[in-house]
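K.L.:
Return a 3D structure for these sequence lines:
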Amino acid sequence: MTLREQSAASVRVATFNTHHGTAPDGRPALDACLRLLDDLAPDVIALQEVDRGWRRSGFADQPARYAEGLGGTALFAANLRLPAEDDPARGGAVRGSRGAVREYGTVLLTRHPILRAAHHPLPVPLGAEPRGVQVALIDVRGVPIRVAGVHLHDGDDAVSVRQAEEVLRRLAADEAAPEAPEVVLGDLNAEPGRGGHRVLLDAGFADAWVIAGTGPGRTFLDPESGSGARIDHVLVRGAAIASARVGSLVPTPSDHEPLIVEISPRG
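P.N.:
Numbers count the residues shown, from 1 in each chain. Predicted structure coming up:
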């Protein structure tokens, strides 16, 4: 289905872990990520592992490039800020949203009006990678959709559970448009029924892949072993799920595949 064929009552949401815009072998892949976004044509997409000002990804301002590529707004949440690295080609450091730093985090990307948005830290163990949740109310062709973009802790289900519980608290605390459908998009680092995934199911969210997907739905691909896992999820509450698919016609330049879901808020 092309963007022009998309029904006004249908909303296309997606999640994609970009592997900081580099291929698994370390080659720059931001342009390939942009081609993938163009093929997906999402109304709203959550991106994880997004860089701004890092040497490993060519010092690119990736959020700005993604916004330009989609023709919309990129809400960037920098969960990690570190001292800047000098870029010899520019004669100095790249300046991020808080001065001369390099930043790493998540993006909510949309072509539609953003009615309100916030970024909240999630609980993490001492010394672990900082994590956060982005919550936004987005007007998609006259229909408000509440979206949470996440990248949860890896390797400890108990931490993932606490983080998902905080996601639920943040969704509940947003009192605007209380009847709006809610969608959680992201890399949960949890296979079905485990950690934060189980918490969200228990709260009444439906796993879009279970409802409308076919096959194993693996989204993470280990380039060394060739094995895969279903750890990237779209979970929906208050809307019908029409379809779900993994992958794109464009080769995926990451160790994750995108997950694309069509929902019908008025369904």
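
K.L.:
switch to C-alpha atoms for all contacts and neighbour counts from now on
P.N.:
Fine.

K.L.:
who's the residue nearest to D43 when sequence neighbours are not counted bridged to?
P.N.:
Spatially, and ignoring its direct neighbours in sequence, D43 is nearest to R12 (5.2 Å; Cα to Cα, 6 or more residues apart in numbering). R12 has these beta-bridge partners by DSSP bridges: E262.

K.L.:
Contact partners for R12?
P.N.:
For R12, the contacting residues are 41-44, 260-263, by Cα atoms under 8 Å, 6 or more residues apart in numbering.

K.L.:
what does A74 give?
P.N.:
Neighbour list for A74: 63-64, 66-67, 107-110 [criterion: Cα under 8 Å, 6+ apart].

K.L.:
That one should be in a helix, yeah?
P.N.:
No. Per DSSP: H, G, I helix; E, B strand; the rest coil, A74 lies outside any helix segment and is strand.

K.L.:
ok, it to H112 distance?
P.N.:
For A74, the distance to H112 equals 11 Å [Cα to Cα, to the nearest Å].

K.L.:
now swap in V250 and tell me
P.N.:
With Cα to Cα as the criterion, V250 and H112 are 24 Å apart.

K.L.:
Type out the ChimeraX command that picks the buried ones from the contacts of R12.
P.N.:
The following ChimeraX line selects those of these that are buried, judged by 16 or more other Cα atoms under 10 Å:
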select :41,42,43,44,260,261,262,263
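
K.L.:
Which of the contacts of A74 fall in strands?
P.N.:
107-110 (DSSP state E).

K.L.:
tell me which element L137 falls in.
P.N.:
Per DSSP states H and E, L137 falls inside strand 131-140.

K.L.:
Just checking: what are the partner strands of that strand?
P.N.:
strand 114-122 (antiparallel), strand 143-151 (antiparallel).

K.L.:
re earlier: determine which two of the contacts of R12 are furthest apart.
P.N.:
Between any two of the contacts of R12, the greatest separation by Cα to Cα is 14.4 Å, found for A41 and I263.

K.L.:
Give me the pLDDT value at L200.
P.N.:
Note on L200: pLDDT of 98.

K.L.:
List every C-alpha atom in the helix or strand containing it, with coordinates, as PDB.
P.N.:
Element membership for L200, per DSSP H and E: helix 195-202. Extracted as PDB, the C-alpha positions of helix 195-202 are listed here (Å, rounded to 0.1, in the frame of the first residue of the first chain):
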ATOM      1  CA  GLY A 195      10.000  -8.400  31.000                       C
ATOM      2  CA  GLY A 196       8.400  -5.100  29.900                       C
ATOM      3  CA  HIS A 197       6.500  -6.800  27.100                       C
ATOM      4  CA  ARG A 198       4.500  -8.800  29.700                       C
ATOM      5  CA  VAL A 199       3.800  -5.700  31.800                       C
ATOM      6  CA  LEU A 200       2.300  -3.900  28.800                       C
ATOM      7  CA  LEU A 201       0.200  -6.900  27.800                       C
ATOM      8  CA  ASP A 202      -1.100  -7.200  31.300                       C
END
